[in-house]
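>>> just a sequence and a predicted model for now, questions to come.
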Amino acid sequence: MASQTDPSLYRTDGQRRAPGARVKDLSGIGMADRIRQHDWTACPLGPQAVWPPHLQATVDLMAAHGFPMIVLWGTDLLQIYNDGYAEIMAEKHPAGLGQPTAECWPEVWHINGPIYDRVWQGETLVFSDKCYPLHRRGALQDVWFTITYSPLRDGHGDIEGVLVTMFDTTAEHVARVERERSEAELRLSNERLRLNEERFRQFAAASSDVLWIRDADTLAAELQSTAFDSVYGIAADEAACELREWAARVVPDDRDAAIGTLRDVRDGTRRVHEFRVLRPSDGQFRWIRDTVFPLFDAQGRVTRIAGISSDVTDERRWTEHQSVLVAELQHRVRNIMATIGSITLRTRESATSVEDYAQRLSGRVMSLARTQALLTRAANVGIDLRTLLTDELGSHAATESRVVLRGPSTVVPPKAAEVLSLAIHELASNAVRHGALREPSGRVDVTWSLREGGPERWLDVRWRETHAPRDDWQQPCRRGFGMALVEERIPYELDGEGHMRMSPDGTEAQISFPLRQRDSILQTDAPSSAGVGGGSVDLGDAALLAGCRVLVVEDDFYLAHDTAAALRSAGAEVDGPHSAAATALHALSTGRVDAAVVDLNLGRGAEASLVKALQAAGLPYVVVTGYDDTVESGMQAACVRLQKPAAAASTARALAGLVRQRRH
């Protein structure tokens, strides 16, 4: 590459020479004078006066030339050079004048020697930006030249020397190499950036959370990942760019805190905040957790705000559900422990020894455990009566040959199952200790039937033991635990009847109670998991305005969207919101409007025409105004007037009342 800067314009120290200044060595003698003053008698050239005319002409031309030039004369290639070349010589000057070039430049002879051979054969050689390792200032330095080697001929065309013309391109070469290196690094950096951006794009696209970035000053969105559509229920390009568009999706109760969190992060501190949004795609309120953090520039200033938005609705519901489960567990444990405590005290009353106490208590607790195991297989379902009897009698090793069970398929409600199972346990225990199951010939018959007893069906259970009469039998002198269960607990807790009769040849019990649904001790009054509410814009599942298309006219951005959200929560389809009466009148003219909510502060003349149009169409409407009661007049019965500030839910309920009156 040719240099665009004449090297003769610069000194060896890099400073630019004054215009018209000639290059001189430290002695102040220019090369033209030095050539004339040089003692040429000591070299083959001889005195300058005897030089061939064409050599003298070439030297004169070279000495006056601004570019570095050197004449290499004769087979020894003796050096004659100008001021520009003297600068290239550096400390080799002025000793190099008249010196064979091989002696002056041994470090580059391996490069120049073959070139001179070719020039001596008549070639003219040109090299652009060619590197020469020159020994200068005590060290080898790579220097680049654009250089021409051409033969010097005499009058007969014979070659007698070489003319070398050059200029130093080192600065340009180094600059080009540095530029190419910088460009390569930039390309590499751009490629890495592209790959990183591609990885981030794939990561953001795959994430179920919303990844976003906003400008710290304007809070305008610069990036929203594709998850925005599913989390917020609306396309990112529709509601994400402007802060107010995003904030309109946040329920009014949470909006100020959500916006405040974005602004507060500009102080450089990370924050986590939760808020609710109304998702237009399905009308659901959802809890969003925003993890917001600052992004800094090279000077440490917060220039961007980034965040990760996660839908944590299910997480919050699960947390609430866990609270319910803990409450249920606490309730169940307390109830069971209270029941066991009562059984423990009553067992003490009838026990005759420590061993007898332990056996009776263990049997009763195990009976309770068996019943609870059956009840917990499915919540609030109850127990099949045959299964209850089989499990309880089986726990006493009663064989089928000695026990007969007869009756229809019957499911006993949970509460009744708990009471009945313990009564059956006591009857079976007594049969093993004292009754039919004590003797090989004894027999137990359990029969049951269903009967209508007013508004509820009743279950009648008959327990009958038979065995050989005992001569030593005596009527018990006190009521035992089993008799108390049958005759006292069943009437008290089940509103039923219970009777027991003991005789020398067996025991008979008659138990009757209504199959009424009652909670067992495992049932709790713990509240069910709450749904996600939208605060002041949430009308729940009331569907007060289902099938109704409502025109909304309001120029306050947030109030308009909050009113629309409340109407949708009530089941309405919203036309708008409209900020101007003209567009609202056009929508009304289509005939697809069933009711309206109108702000009377848009501009008195315009909205008056809108109200008249609503009255002419006979549509119910709510007007919301900041004026006092004396301003508007002439409103018809199908209108409700609310004064600002009016809650969005109140506006929706007021309109629902008008619509309901019209339908009826």
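Structure received.
>>> which phi and psi does residue 121 have?
When quoted as degrees, to the nearest 10, the phi and psi of residue 121 stand at phi -90, psi 0.
>>> grab the most central residue of the protein for me.
Within the chain, one residue has its C-alpha closest to the average C-alpha position: by C-alpha atoms, centre = their mean, that is residue 209, at 2.6 Å.
>>> tell me how far it lies from residue 224.
12 Å (C-beta to C-beta, to the nearest Å). (Each C-beta comes from the backbone N, C-alpha and C, glycine too.)
>>> swap in residue 544?
Using C-beta to C-beta, residue 544 is found at 34 Å from residue 224.
>>> residue 290 belongs to a strand, doesn't it?
Yes: the secondary structure assignment for residue 290 places it in a strand, going by DSSP: H, G, I helix; E, B strand; the rest coil.
>>> for residue 101, which non-adjacent residue is spatially closest?
Distances taken as C-beta to C-beta, 6 or more residues apart in numbering place residue 77 nearest to residue 101, at 4.6 Å, with adjacent residues excluded.
>>> you'd agree the one you found is up against residue 102?
Yes: when contacts are counted by C-beta atoms under 8 Å, residue 77 is listed as touching residue 102 (6.8 Å).
>>> more neighbours: which of those two?
The residue with more neighbours, out of residue 77 and residue 102 and counting by other C-beta atoms under 10 Å, is residue 77; that gives 22 against 15.
>>> OK, contacts around the more buried one?
When contacts are counted by C-beta atoms under 8 Å, 6 or more residues apart in numbering, residue 77 touches 100-102, 116, 161-162.
>>> one more: residue 95?
Contacts for residue 95 (C-beta under 8 Å, 6+ apart) come out as residue 104.
>>> look at it and give its secondary structure.
Reducing the assignment at residue 95 to three states with three-state DSSP gives coil.
>>> now do the helices in the stretch 51-200 of the chain.
53-64, 83-89, 101-104, 109-120, 170-206 (DSSP state H, counting those that start in this stretch).
>>> most packed of these?
Highest mean neighbour count among the helices of the stretch 51-200 of the chain (mean count of other C-beta atoms under 10 Å): helix 83-89, with a mean of 22.
>>> check which helices and strands that helix is in contact with.
Applying 3 or more C-beta pairs under 8 Å, 6 or more residues apart in numbering; DSSP states H and E, one finds that helix 83-89 makes contact with helix 31-37, strand 69-73, strand 159-168.
>>> now do the phi/psi pair for the residue nearest to the centre of the chain.
On the backbone of residue 209 - angles per degrees, to the nearest 10 - the values are phi -100, psi 160.
>>> the nearest residue to it once chain neighbours are set aside: what's it in contact with?
Spatial nearest neighbour of residue 209, chain neighbours left out: residue 310 (4.7 Å); criterion: C-beta to C-beta, 6+ apart. Applying C-beta under 8 Å, 6+ apart, one finds that residue 310 lies in contact with 208-210, 231, 288-289, 291.
>>> what's the separation between residue 148 and residue 56?
21 Å.
>>> likewise residue 278?
With distances taken as C-beta to C-beta, residue 278 is found 100 Å from residue 56.
>>> now swap in residue 77 and tell me
Taken as C-beta to C-beta, the span from residue 77 to residue 56 is 18 Å.
>>> and residue 50, by the same measure?
From residue 50 across to residue 56, the span is 10 Å (C-beta to C-beta).
>>> go on, residue 532?
When distance is defined by C-beta to C-beta, residue 532 is 104 Å away from residue 56.
>>> next one: residue 543
Here the criterion is C-beta to C-beta. By it, residue 543 lies 115 Å from residue 56.
>>> run a quick neighbour tally on residue 263.
12.
>>> part of a helix, is it?
Yes: with the criterion set as three-state DSSP, the secondary structure at residue 263 is a helix.
>>> apart from its chain neighbours, what residue comes closest to it?
residue 219 (7.4 Å).
>>> so where's the stretch 351-500 of the chain uncertain?
Low-confidence segments of the stretch 351-500 of the chain (pLDDT under 70): 351, 370-381, 397-400, 476-479.
>>> returning to that earlier point: just the pLDDT for the residue nearest to the centre of the chain.
Model confidence at residue 209, expressed as pLDDT, equals 91.
>>> so it is in contact with residue 228, correct?
No: judged on C-beta under 8 Å, residue 209 makes no contact with residue 228 at a distance of 9.9 Å.
>>> name the residues contacting each of these two.
With contacts taken as C-beta under 8 Å, 6+ apart, the residues that reach both residue 209 and residue 228 are residue 309.
>>> what about the closest residue to residue 56 other than its chain neighbours, neighbour count?
Once its chain neighbours are removed from consideration, residue 56 has its nearest residue in residue 48; the separation is 7.3 Å (C-beta to C-beta, 6+ apart). As a burial measure, the neighbour count of residue 48 was computed by other C-beta under 10 Å and equals 16.
>>> then the one 4 residues further on?
Residue 52 is surrounded by 15 other residues when neighbours are defined as other C-beta under 10 Å.
>>> contact partners for the closest residue in space to it that isn't next to it in sequence?
By the measure of C-beta to C-beta, 6+ apart, the closest residue to residue 52 outside its immediate chain neighbours is residue 154, 6.4 Å from it. When the contact criterion is C-beta under 8 Å, 6+ apart, the partners of residue 154 are 52, 54, 160.
>>> what of residue 466?
Taking C-beta under 8 Å, 6+ apart, we find residue 466 in contact with 436, 442-443, 445, 505-506.
>>> what about the residues you listed, which are in strands?
Judged by DSSP state E, the contacts of residue 466 include 443, 445, 506 as members of strands.
>>> look up how far residue 501 lies from the closest residue to the last one other than its chain neighbours.
Going back to what we said before, that points to residue 506. If you skip the residues right next to it in sequence, residue 506 has residue 465 as its closest partner in space, 4.1 Å away by C-beta to C-beta, 6+ apart. In this structure, residue 465 and residue 501 are 11 Å apart, going by C-beta to C-beta.
>>> do the same with residue 138
Distance of residue 138 to residue 501, computed by C-beta to C-beta: 131 Å.
>>> and the contacts of residue 77, which two are furthest apart?
Longest distance between any two of the contacts of residue 77 is 14.3 Å, between 102 and 161; criterion C-beta to C-beta.
>>> mind listing the helices for the stretch 201-350 of the chain?
Counting by DSSP H, counting those that start in this stretch, the helices of the stretch 201-350 of the chain are 227-232, 236-239, 243-247, 252-264, 313-350.
>>> among the ones you listed, where is the model least confident on average?
Minimum mean pLDDT among these: helix 236-239, a mean of 66.
>>> my read: residue 614 touches residue 588, true?
Yes: taking contacts as C-beta under 8 Å, residue 614 lies within contact range of residue 588: 7.1 Å.
>>> more neighbours, these two?
Between residue 614 and residue 588, residue 614 has the larger neighbour count (other C-beta under 10 Å), namely 25 against 22.
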